[in-house]
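Undergrad: Starting from these lines, generate the structure:
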Amino acid sequence: MSNSLTVSVVIPTRNRPRLVVRAVSSALNQTYPWLNIVVVVDGPDEGTVAALHALGEERVKVVALKENVGGSQARNVGVEEATGDWIAFLDDDDEWLPQKIARQMDVVATLKDKRAIVACQFVERSGETARTYPLRSPEKGETIDSYMCHPRGLRSGGELLQTSTLIAPRALLLDVPFRRGLKRGQEFIWLVEAGTRGAATLHLVPETLSFFNADGFSDEVRISKKPNWQSFYGALQTIRHLFRPDAYAYCIATRVLTDAIACGESMKVKLSLLEDCLLSGGATPKCLVVYLYIWFMPDVTRRRIGKQLRALKRTLNPRARLPRETSVTLPG
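TA: Next up is the predicted model:
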């Protein structure tokens, strides 16, 4: 093993004992030896606490909160309770491959500046199909907000990062905690703040090491499936100054507008978002085209066009790394 830095896995959960036990098991099965787990039970939940204690695993610390504080604050509590040098986040309905932490800590060992966030590729599982994200690694000097928002080529958005792929120094998370109260985009807001206020760099292990279980796989509905665009948009506006103008404009055009449409918002709302995109962001002609495309093109049609473009790109460049829509066998 390249280093002996300790890692604490922080898992927030509530009322999902079967799923959190599965998540904890995937953390316990990691090949990285210097690892412990902090499960934060977000509010009264005797069933989940009992299921976790039944594991009889000394590496698992259960923190049962007296009241519900939400996912962001539950993660912050987990960071405070953790003893590891580094923190890895795992949502209670996601899973890891056994080598996930070891691969990321191998990257950490090569970094001169340890003020860093290391992510990995993940599979988003939905029904019988799966897609792999993100599609590329950050370029040298590329800011985190640009990486996540600014599209490349014919794509309409930036790269997708997901909470269960992230590992970061505990010191960074104490300096820049998760924004309390957010119902959506918790990791997105944190990543932007960590990259600016926290002066952290972003690195990617180009391997699929984490499984994001979207609709159709778990027996409960994910909170993130219920768009709360007002909460996310309000948080974005408070950190607007941390974005590159073009990245902020693309964020409104892709992430915020998409959620507003999913919520059935009026034309007045969409025009207001377009105004913010133009006046507060650095909307380029391409960004405006993307905005109008998302606004007026039905989601089903956009998905079909995206699938056709990915197939075309694979044909023109067979070596290009693209999300594959195939069945995936999950661990365990």
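
Undergrad: Could you report the neighbour count for Leu182?
TA: Leu182: 21 surrounding residues under other Cβ atoms under 10 Å. The C-beta positions use only the backbone N, C-alpha and C, and glycine is treated the same way.

Undergrad: Now do it, the pLDDT please.
TA: pLDDT for Leu182: 88.

Undergrad: That one - that's part of a strand, no?
TA: No - counting by DSSP: H, G, I helix; E, B strand; the rest coil, Leu182 is located in no strand; its state is coil.

Undergrad: contacting residues for it?
TA: If a contact means Cβ atoms under 8 Å, 6 or more residues apart in numbering, then Leu182 has 70, 72, 189, 231-232, 235 as its contacts.

Undergrad: what secondary structure does the nearest residue in space to Leu52 that is not next to it in sequence sit in?
TA: If the residues on either side of it in the chain are set aside, Leu52 comes closest to Val62, at 4.9 Å by Cβ to Cβ, 6 or more residues apart in numbering. For Val62, the assignment made with three-state DSSP gives strand.

Undergrad: ok, what's across the strand from Val62?
TA: Val39 (DSSP bridges).

Undergrad: my guess is it contacts Val49, does it?
TA: Yes - with contact defined as Cβ atoms under 8 Å, Val62 reaches Val49; the gap is 6.0 Å.

Undergrad: These two: which is more packed in?
TA: A direct count of neighbours by other Cβ under 10 Å for Val62 and Val49 places Val62 higher, at 19 against 16.

Undergrad: nearest to Gln30, of the contacts of Leu182?
TA: Taking Cβ to Cβ as the measure, Gln30 sits nearest to Ser72 out of the contacts of Leu182, at 24.5 Å.

Undergrad: How far away from the center of its chain is the longest strand seen in the chain?
TA: Longest strand in the chain, counting residues (DSSP state E): strand 201-213. Taking Cα atoms, centre = their mean, to the nearest Å, the mean C-alpha location of strand 201-213 is offset from the chain mean by 10 Å.

Undergrad: now do stretch 186-199
TA: Computed by Cα atoms, centre = their mean, the separation of stretch 186-199 from the middle of its chain amounts to 12 Å.

Undergrad: who's in contact with the residue nearest in space to the middle of the chain?
TA: Centroid-nearest residue in the chain, with Cα atoms, centre = their mean: Gln162, separated by 1.7 Å. Contacts for Gln162 (Cβ under 8 Å, 6+ apart) come out as 94, 122, 124, 133, 187, 210, 212.

Undergrad: Quick one: the helices in the stretch 201-332 of the chain, in order.
TA: 229-238, 245-251, 257-262, 267-279, 285-296, 299-316 (DSSP state H, counting those that start in this stretch).

Undergrad: Any chance you could list residues touching both of Val62 and Val49?
TA: Val41.

Undergrad: how far does stretch 106-119 sit from the chain's center?
TA: Centroid displacement of stretch 106-119 relative to its chain, using Cα atoms, centre = their mean, is 18 Å.

Undergrad: End to end on it, go ahead and measure it.
TA: 12 Å (Cα to Cα, to the nearest Å).

Undergrad: pLDDT of it, averaged?
TA: The model assigns stretch 106-119 a mean pLDDT of 96.
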